[in-house]
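> How does the following fold in three dimensions:
(one chain, ligands or ions: 3)
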Amino acid sequence: MSHSQMILLILLSLLSSLSSSSSSSNPFLKPPPIPILPLPSASQLQWQLGHMALFLHFGPNTFTDSEWGTGRVDPYIFDPYNLDPSQWVRVAKESGFSRVILTAKHHDGFCLWPSKYTDYSVRSSPWRNGTGDVVAELAKAAMDAGIGLGLYLSPWDRHEACYGKTLDYNEFYMGQMTELLTRYGDIKEVWLDGAKGEEEKDMEYFFDTWFSLIHQLQPGAVIFSDAGPDTRWIGDEAGVGGSTCWSLFNRSAVKIGDTNAKYAMEGDPLGHEWVPAECDVSIRPGWFWHASEVPKSARTLLDIYYKSVGRNCLLLLNVPPNSSGLISAEDIQQYPGRK
Ligand SMILES: *[C@@H]1O[C@H](CO)[C@@H](O)[C@H](O)[C@H]1NC(C)=O
Ligand SMILES: *[C@@H]1O[C@H](CO)[C@@H](O)[C@H](O)[C@H]1NC(C)=O
Ligand SMILES: *[C@@H]1O[C@H](CO)[C@@H](O)[C@H](O)[C@H]1NC(C)=O
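Ligands and ions are numbered 1, 2, ... in the order given. The predicted structure is shown next:
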């Protein structure tokens, strides 16, 4: 064999080995591996990517300098003469919040929308001569600004006469929930707790039935409570997540209204459900506006941001509108704007 023949043979064998290796491998893209469950739902993912929500505690307590209304305050007190939810939403948007959550009804039972199931509402107040609807005004402002809307409907109701009678009150609550979830367009989050009157130990809240109703009427909404189903309470009101904070969790390990704070704060590396944590905290000492209270400093708020959003949680910062119906300028100045 001549030298040149040998080189030719080597070249040929190289070529054939190249072509055989390419014909034995699949020419198509290798599909991604099967995920390790559980996975977040689309609405949980959207919630998490939103990073921060603005909580709006507002109602008769705003006018009576209190935190927990008795449910016996005259609706005449409710008159936020300069109320402007588009200001609330503008503040939220300019400071990097993706959604706003309003106390449509707090423990005092007063409804910020004209519910057909009670007259303890804006309908009995002097504000807009009883024709106003705070939820509707906020819903419109939020939609115009492209900000998500969430609502809190307190299970505890210190005004309603049927409170304490399990069946009657659960029907009442679901009637009100249906109004809120059918009148105001897309609702992104429904927020609820397990607060209950001390004398009402025997009364039961039908949480599972409520959750089915909410998911049926607003399939894109996440439900917040101590135990999810979609997002869980972090277990404190300081806005601080655990330095390890899993989205994995077992809902069955927690009871609404009776949380294991360490479990809530850290989550569960072995958990078989996806229930990420939400950190609620107020910019002021109280949840409602009080003339005597001042907001936390921007430095403190930034620290809270790092210890909530920076720890895999959503930050729910409460900024209560004042009795004129506006977010106070002194609060706005403290926002850790992300822009
Ligand atoms: C409320 O009603 C009174 C008397 O009917 C009227 O003078 C006033 O302009 C009304 N105010 C609003 C805000 O509609
Ligand atoms: C959560 O569930 C997993 C099994 O799905 C289990 O291994 C783990 O111990 C549970 N955690 C708690 C706190 O019950
Ligand atoms: C509410 O806040 C607005 C904006 O800072 C301010 O103009 C108004 O006076 C405040 N109302 C009260 C009662 O403090």
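> Excluding chain neighbours, what is closest to Trp127?
Counting by Cβ to Cβ, 6 or more residues apart in numbering, Trp127 lies nearest to Asp79, which is 4.9 Å off, once chain neighbours are set aside. Glycine gets a C-beta too; all of them are placed from N, C-alpha and C.
> Write out the residues of the stretch 1-150 of the chain neighbouring ligand 2.
Residues of the stretch 1-150 of the chain found near ligand 2 (Cβ under 6 Å from any ligand atom): none.
> residue in the stretch 1-150 of the chain nearest to ligand 2?
Pro38 (9.9 Å; Cβ to the nearest ligand atom).
> can you give me the helices for the stretch 1-150 of the chain?
3-24, 42-49, 61-64, 85-94, 134-145 (DSSP state H, counting those that start in this stretch).
> Mind checking the pLDDT average for the shortest one?
Model confidence over helix 61-64, given as mean pLDDT, is 98.
> cool, the first one as well?
Summarised as a single mean, pLDDT over helix 3-24 is 57.
> residues in contact with Cys279?
234, 238-241, 304, 307-308, 313-316 (Cβ atoms under 8 Å, 6 or more residues apart in numbering).
> helix/strand/coil for it?
Three-state call for Cys279 (DSSP: H, G, I helix; E, B strand; the rest coil): strand.
> what about the closest residue to it other than its chain neighbours, which helix or strand?
Nearest in space to Cys279, with sequence neighbours left out and distances taken as Cβ to Cβ, 6+ apart, is Ser308 at 3.9 Å. Assigned by DSSP states H and E, Ser308 belongs to helix 298-308.
> Return the set of buried residues in that helix.
301, 303-305, 307-308 (16 or more other Cβ atoms under 10 Å).
> Spell out the residue ranges of the strands in the protein.
52-56, 99-105, 148-153, 189-191, 222-225, 231-233, 248-249, 273-274, 277-282, 314-318 (DSSP state E).
> Make CSV from the ones you listed and add distance to Thr62 and mean pLDDT to it.
Listed next are the strands of the chain as CSV, based on distance: least, Cβ to Cβ, whole Å; pLDDT from 0 to 100:
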stretch, distance to Thr62, mean pLDDT
strand 52-56, 10, 98
strand 99-105, 10, 98
strand 148-153, 15, 98
strand 189-191, 18, 98
strand 222-225, 22, 98
strand 231-233, 24, 97
strand 248-249, 34, 98
strand 273-274, 36, 98
strand 277-282, 13, 98
strand 314-318, 13, 98
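> so which of those strands gets nearest ligand 3?
Between ligand 3 and the strands of the chain, the tightest spacing by Cβ to the nearest ligand atom is seen for strand 52-56, at 13.6 Å.
> Tell me who's in contact with whichever residue of the stretch 1-150 of the chain sits closest to ligand 3.
In the stretch 1-150 of the chain, the residue that lies nearest ligand 3 is Asn82 (7.2 Å; Cβ to the nearest ligand atom). Asn82 is in contact with 324-326, counting by Cβ under 8 Å, 6+ apart.
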